[in-house]
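Participant: Provided below for reference: sequence and predicted model.
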Amino acid sequence: MGSFEEVMQKNATAKFIATVLVGGVIVGVSLYGLLQSSEGLQKNLEPLGLWKRRRKKKNKTIRVYMDGCFDMMHYGHCNALRQARALGDELVVGVVSDDEIIANKGPPVTPLEERMIMVNAVKWVDEVITDAPYAITEEFMQKLFNEYNIDYIIHGDDPCILPDGTDAYAHAKKAGRYKQIKRTEGVSSTDIVGRMLLCTRERSPSENPNHSSLQRQFSHGHSHKFEDGGTRISQFMPTSRRIVQFSNGRGPGPDARIVYIDGAFDLFHAGHVEILKLARELGDFLLVGIHTDQTVSETRGPHRPIMNLHERSLSVLACRYVDEVIIGAPWEVSRDMITTFNISLVVHGTIAENDDFQKEESNPYAVPISMGIFRVLVSPLGITTTTIIRRIVSNHEAFQKRNEKKGESEKRYYESKTHIHGD
């Protein structure tokens, strides 16, 4: 046995160690409880689906799929893709083949090659599947799940009915892998066709009765008002939030080479996309000027533009090659404008509605030409807005047949329309 002092020292040491151990357990338990309660609180504050998706995303990339014809692609299509992308981490888009469109709806206005260019250019799209089927069959759905690792199949809240009367997304809904987004109001392909047919009146003194019949048929859905000049007034109601949703929200760096290109960009098409792609490759930041409706009307006729300024701006903003737009850009590129936006290069394509600008009394590019910062780019595709209009007019009987059911479907949609929460 040790001395009394040694025994007391051993007892004190043992008591200290026991206190530390017990205290450590209490601290550990307290910290664990705090973490658990914090996570539980966060779980209770969040919608259950959002909390589960947040937890799942830590371990797995959520891939969503959306398909469509994307014929005469407009900002409504782009907004649908934006909403679909927000439901996951990666968006895979299926572009329906020409043959499938013909079999289910009638001839497309734009062929598959052009539609692929358009979809690939949308900044919210991560991957594209060409020649996708019109309907989600059981076989194709399993291919999406197994080969493309798709988690959810997305479609808008407007019905998609096959010729036999069945739901094109029935299999996805049955599998519990279907999600719905909100339709973008104020625009549809049938409405745009109606606007195009109106602009053909300026070319003929007497209206073609077939065109008139087709225009009336495309007006189904909801009433359309007309300005004094005969131009159809768009039903689109722009909001600042929509502009923000489409905007990149960032400016150029201090040493960025800024390239500027302007135009109407009416009926945004594959020709526009390809020239914007070329322009973007010439610098670090692409600034696009969108001319006002008045400017377009003065230079291209009283029934232009087909799409109004805000509609055209959204279509351009959705393009992955575009960094920023000027909504309502001036016709002439001034020295002050070049200085304000720090523009390094001004470009213009060889294929355009107005390609004789250098012969005009007031050349809109006179200043950048004098400064040695102007360049003409060879347009990869020979497509203009007029090209699209001519396709419609030259084959109006086929398009009338194609849209008979679509017009009635839109009419029923607007008659039974109710508010649906969403973007």
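Facilitator: Everything's here; your move. Numbers count the residues shown, from 1 in each chain.
Participant: domains of this protein?
Facilitator: Here the domain assignment for the chain is 14-55, 56-181, 247-383, based on automatic domain parsing.
Participant: columns mean pLDDT, distance to residue 390 and mean neighbour count on top of these, output as JSON lines?
Facilitator: For every residue, glycine as well, the C-beta is placed using N, CA and C. Below are the domains of the chain laid out as JSON lines (pLDDT from 0 to 100; distance: least, C-beta to C-beta, whole Å; neighbours: other C-beta atoms under 10 Å):
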{"stretch": "domain 14-55", "mean pLDDT": "46", "distance to residue 390": "47", "mean neighbour count": "10"}
{"stretch": "domain 56-181", "mean pLDDT": "92", "distance to residue 390": "11", "mean neighbour count": "18"}
{"stretch": "domain 247-383", "mean pLDDT": "93", "distance to residue 390": "11", "mean neighbour count": "18"}
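Participant: of these, which is nearest residue 391?
Facilitator: Closest approach to residue 391 among the domains of the chain (C-beta to C-beta): domain 56-181, 5.5 Å.
Participant: and the residue lying closest to residue 74 once chain neighbours are set aside, how far from residue 306?
Facilitator: Nearest residue to residue 74, sequence neighbours excluded (C-beta to C-beta, 6 or more residues apart in numbering): residue 187, at 5.6 Å. Here the criterion is C-beta to C-beta, to the nearest Å. By it, residue 187 lies 11 Å from residue 306.
Participant: could you do residue 317 as well?
Facilitator: The gap separating residue 317 from residue 306 is 18 Å, by C-beta to C-beta.
Participant: for residue 266, same thing?
Facilitator: To residue 306, residue 266 is 5 Å away according to C-beta to C-beta.
Participant: and for these two, which residues touch both?
Facilitator: Common contact partners of residue 266 and residue 306 (C-beta atoms under 8 Å, 6 or more residues apart in numbering): residue 385.
Participant: picking that back up, what is the burial count for the residue nearest to residue 74?
Facilitator: Applying other C-beta atoms under 10 Å, we find 20 other residues in the vicinity of residue 187.
Participant: can you classify it by secondary structure?
Facilitator: When classified by DSSP: H, G, I helix; E, B strand; the rest coil, residue 187 comes out as coil.
Participant: all numbers from here: first residue = 207
Facilitator: All set: I'll call the first residue 207, so the last point we hit is now residue 393.
Participant: you'd agree it is up against residue 282?
Facilitator: Yes. Here residue 393 reaches residue 282: they are 4.4 Å apart, a contact under C-beta atoms under 8 Å.
Participant: show me where the stretch 457-606 of the chain has its helices.
Facilitator: Taking DSSP state H, counting those that start in this stretch as the test, the helices found in the stretch 457-606 of the chain are 476-486, 499-506, 515-523, 541-546, 572-576, 591-600, 602-621.
Participant: tell me which other helices or strands the third one touches.
Facilitator: The contact analysis (3 or more C-beta pairs under 8 Å, 6 or more residues apart in numbering; DSSP states H and E) places helix 515-523 against helix 281-292, helix 446-452, strand 491-497, strand 530-535.
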